[in-house]
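[1] Test case, fold it:
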Amino acid sequence: MKTPAEVARIEAALAGPRFGGAQMLSVEFLADPDFVAAVLPPPLEPLAEPRMRAMVGRWQSNCVGDFAGGTVYVACAHQGIEGEYNVAQYMDGDAPTIFGRDVFGEPKKIATATLRARGASMRGTITRRGVPLIELEAELDRDNGPFEATRESYNVKSRPAADGRGLEEDAILTRAHYEISGRVSLEGQGRIALAGTVHDPLDDIPIRKILRATYFEGDLAATVKIAARIPAAVFAPYHHGRNDDWSALASAVGEGVGGGL
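    Predicted structure coming up:
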């Protein structure tokens, strides 16, 4: 149990997360419109152009320490506000994973992230359970200079019911607003390879055309609000798609196995 002073200090970090010293390599691409429409849970809507983005990066923070990870985003909109939906996300530690899932509703899982540069060439990878799920390569030959910008990110907070059937309550669509201060902004040609497992089927994503690669260094400050509520029965298929396939993780079979302590 925390004291009132401790609670105030903790909630200040929860309410105003900041991610400094960010280094983020992204590759943007077009997917199939039907795929984008299928992976976006209502009430999120696809844009006219079926854009997606894969990113690998590392950060410092005021709330979860230093960490690295990556995300696959889908461009979308809600009530006319454009942003990106985090369809898959990976972090290299428990603090950023728990914080992101509990506060933002991000679909984070533990994985290994690497980001390396050699001159104008960069490479980023996300590896989980021995599988290189995301591999990004870029040749960054255009310097766009410092910039200030904002970005919206959509996520969904949900949890399974205690009896394992459906969700405990309606899901919550959140919208994170980022204030971005960029010190370095590079652009160029990119390449991407996505692999998959039963738990992380990123190889199902149809990459139709690579648009560009970008690299960013700078700081991000976030505020998060509830954007909508999604009926539990509607979001349940998306909830299970964002998590591991628990049925594929059985390590023992037979009568009397499982059922708790």
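[2] Show me the helices in the stretch 151-261 of the chain, by range?
    Applying DSSP state H, counting those that start in this stretch to the stretch 151-261 of the chain gives helices spanning 232-242.
[3] Show me what the residue nearest to residue 153 when sequence neighbours are not counted bridges to in the sheet.
    Nearest residue to residue 153, sequence neighbours excluded (Cβ to Cβ, 6 or more residues apart in numbering): residue 176, at 4.3 Å. No exception for glycine: its C-beta is placed from N, CA and C like everyone else's. According to DSSP bridges, the partner residues bridging residue 176 are residue 153, residue 224.
[4] Now that we're looking at residue 176, what pLDDT does it have?
    pLDDT for residue 176: 98.
[5] neighbours around it, how many?
    The tally of other residues near residue 176 (other Cβ atoms under 10 Å) stands at 24.
[6] Distance-wise, check it relative to residue 221.
    Distance of residue 176 to residue 221, given as Cβ to Cβ, to the nearest Å: 10 Å.
[7] Equivalent analysis for residue 126, please.
    Here residue 126 is placed at a distance of 25 Å from residue 221 (Cβ to Cβ).
[8] for residue 15, same thing?
    Using Cβ to Cβ, we find residue 15 at a distance of 11 Å from residue 221.
[9] same check, this time on residue 166
    Distance from residue 166 to residue 221, by Cβ to Cβ: 36 Å.
[10] Quick check: the gap between residue 228 and residue 103.
    Using Cβ to Cβ, we find residue 228 at a distance of 17 Å from residue 103.
[11] ugh, typo on my part, it should be residue 109
    Counting by Cβ to Cβ, the gap from residue 109 to residue 103 is 16 Å.
[12] secondary structure element for residue 10?
    Here residue 10, judged by DSSP states H and E, is contained in helix 4-15.
[13] C-alpha coordinates for whatever helix or strand comes next after that helix, PDB please?
    Sequence order places strand 18-30 as the next helix or strand after helix 4-15, per DSSP H and E. These are the backbone C-alpha positions of strand 18-30, laid out as PDB (Å, rounded to 0.1, in the frame of the first residue of the first chain):
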ATOM      1  CA  ARG A  18       7.600  11.000 -21.700                       C
ATOM      2  CA  PHE A  19       9.900   9.100 -23.900                       C
ATOM      3  CA  GLY A  20      13.200  10.900 -24.500                       C
ATOM      4  CA  GLY A  21      16.200  10.000 -26.600                       C
ATOM      5  CA  ALA A  22      14.000   8.100 -29.000                       C
ATOM      6  CA  GLN A  23      15.600   6.400 -32.000                       C
ATOM      7  CA  MET A  24      13.100   5.000 -34.400                       C
ATOM      8  CA  LEU A  25      13.500   3.300 -37.800                       C
ATOM      9  CA  SER A  26      10.300   2.800 -39.800                       C
ATOM     10  CA  VAL A  27       9.300   1.300 -43.100                       C
ATOM     11  CA  GLU A  28       6.000   2.400 -44.600                       C
ATOM     12  CA  PHE A  29       4.100   0.200 -47.100                       C
ATOM     13  CA  LEU A  30       0.700  -0.400 -48.700                       C
END
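[14] So what touches the helix or strand just after strand 18-30?
    Next along the chain after strand 18-30, taking DSSP H and E as the criterion, comes helix 33-39. Helix 33-39 has contacts (Cβ atoms under 8 Å, 6 or more residues apart in numbering) with 46, 50, 52, 74-76, 85, 87, 204-206, 238, 241.
[15] and if you look at stretch 120-137?
    For stretch 120-137, the surrounding residues in contact (Cβ under 8 Å, 6+ apart) are 25-27, 54-57, 69-70, 72, 90, 109-117, 138-141, 186, 188, 190-197, 199-200, 202, 213, 215.
[16] Same question for it: list its buried residues.
    Buried positions in stretch 120-137, judged by neighbour count with 16 or more other Cβ atoms under 10 Å: 122, 123, 124, 125, 126, 127, 128, 133, 134, 135, 136, 137.
[17] Report the rounded mean pLDDT for the helix or strand encompassing the last one.
    Following DSSP H and E, one finds residue 137 within strand 131-143. The average pLDDT for strand 131-143 rounds to 98.
[18] No further questions, thank you.
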